[in-house]
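Novice: Sequence plus predicted model, see below.
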Amino acid sequence: QVQLVESGGGLVQAGDSLRLSCAASGRTLSTYAMGWFRQAPGKEREFVASISSGGSSTRYTDSVKGRFTISRDNTKNTVYLQMNNLKPEDTAIYYCAARQGIVTTTLSAFDSWGQGTQVTVSS
């Protein structure tokens, strides 16, 4: 199983940008589809973005389209989430996840998870 560690979260103001990173160890990420999910206080964990193993295919939830970009560098075993024009409703713990197989938006399809990184956006 691959181990995942997220970083890059923080406290920012509305309109600011952040880049989250997800570093993998234990396995090479080049055979894994990757995803970013988030969980706000009192809410269920939800899909944000995902990317295929080779990086050619991406998926986004509607609320982040045009603002967030998922990417990966398999030579560095790292996946990124560039978040621009952040809004208070983006406040959540952001989790990185991996699965062997095709890219998907389904949370239950991912079987390796990081510990999460907090993103807080003030208005």
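Specialist: Perfect, I can see it now.

Novice: Please count neighbours and contacts with C-alpha atoms only from this point.
Specialist: Fine.

Novice: just for the protein, where's the confidence low?
Specialist: Within the chain, not a single segment meets pLDDT under 70.

Novice: what about the strands in the chain?
Specialist: Here the chain has its strands, by DSSP state E, at 3-7, 10-13, 18-25, 32-39, 46-51, 58-60, 68-73, 78-83, 92-100, 112-113, 117-122.

Novice: wait, which of these is closest to Thr106?
Specialist: Closest of the strands of the chain to Thr106 is strand 46-51, at 7.3 Å (criterion: Cα to Cα).

Novice: I figured Met83 hits Arg67, correct?
Specialist: Yes: using Cα atoms under 8 Å, Met83 is in contact with Arg67, at 6.1 Å.

Novice: which one of those two has more residues nearby?
Specialist: Regarding Met83 and Arg67, a neighbour count based on other Cα atoms under 10 Å identifies Met83 as having more, with 20 against 12.
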